[in-house]
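In: Here is my input, please return the structure:
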Amino acid sequence: MSRRIVLVIVVAALSALGSGVAPVLGQTVQVQGFSVKVADNGANTSALTASSIQNRDRSRMEIWQFRGDVGECVEIQMSVPGGTFQPLVQVAQGRPTGTIVARSPEASDATAVVAVLLRSGDNYYVQATSAGPGDQRGGYALQFTRQSAGC
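Out: I've put the predicted structure just below:
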């Protein structure tokens with residue numbers, strides 16, 4: 001192997017270490033002390049359980065991360081099969097507890113939907129939770145739909 005190729009490989013490896021390795025879709029990673037699931041386009045499934053984050057009002061929450069580009073529209077739909085709780089979706093920018101840039105209306109049934117036009121290329125964090133207070137648990141599906149045009 002020539003020195004030039006070795007140098008390119010070493011520089012690429014050091015760059016990856018310095019910026020952090022990109023998370024793998026479906027993987028759970030730690031971000032600022034929170035367990036965060038890396039969202040895949042399309043359907044993602046999980047459940048609010050005793051090990052999920054507990055909010056001040058005692059409701060349970062899971063956090064999902066996706067990378068978005070400026071001008072992209074992302075629609076997120078949270079569905080609760082069997083209607084064990086009313087879902088609520090919030091989207092935070094930059095960090096798991098960052099500025100909320102979108103919030104679904106409280107669902108009157110087992111589905112909550114929010115669409116957000118991304119104002120910058122950044123990491124976004126979806127807070128999947130229940131609409132009401134208390135320790136509500138159960139399975140849910142989170143559907144991500146991306147469009148390059150506005151919402």
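In: Please report the distance of P96 from N123.
Out: The gap separating P96 from N123 is 9 Å, by C-beta to C-beta, to the nearest Å. C-betas here are computed from N, CA, C, even on glycine.
In: Same drill for these two, tell me which one is more crowded.
Out: Neighbour totals were compared for P96 and N123, and P96 leads with 20 against 17 (other C-beta atoms under 10 Å).
In: Tell me the spacing between the more buried one and G42.
Out: Computed with C-beta to C-beta, the distance linking P96 and G42 is 22 Å.
In: picking that back up, overlap in contacts of P96 and N123?
Out: Common neighbours of P96 and N123, counting by C-beta atoms under 8 Å, 6 or more residues apart in numbering, are Q65.
In: Where does the prediction get shaky in this protein?
Out: 1-23, 150 (pLDDT under 70).
In: Pull stretch 105-119 out as PDB, backbone CA atoms only.
Out: Below are the C-alpha coordinates for stretch 105-119, written out as PDB (Å, rounded to 0.1, in the frame of the first residue of the first chain):
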ATOM      1  CA  PRO A 105     -52.500  19.200  18.600                       C
ATOM      2  CA  GLU A 106     -53.800  16.900  21.400                       C
ATOM      3  CA  ALA A 107     -55.300  13.900  19.700                       C
ATOM      4  CA  SER A 108     -58.900  13.000  20.300                       C
ATOM      5  CA  ASP A 109     -58.200   9.500  19.200                       C
ATOM      6  CA  ALA A 110     -55.200   7.200  18.900                       C
ATOM      7  CA  THR A 111     -53.200   9.300  16.300                       C
ATOM      8  CA  ALA A 112     -51.300  12.500  16.600                       C
ATOM      9  CA  VAL A 113     -49.700  14.200  13.500                       C
ATOM     10  CA  VAL A 114     -47.300  17.100  13.200                       C
ATOM     11  CA  ALA A 115     -45.600  18.600  10.100                       C
ATOM     12  CA  VAL A 116     -42.600  20.900  10.400                       C
ATOM     13  CA  LEU A 117     -40.700  22.900   7.800                       C
ATOM     14  CA  LEU A 118     -37.100  22.800   8.900                       C
ATOM     15  CA  ARG A 119     -35.500  26.200   9.100                       C
END
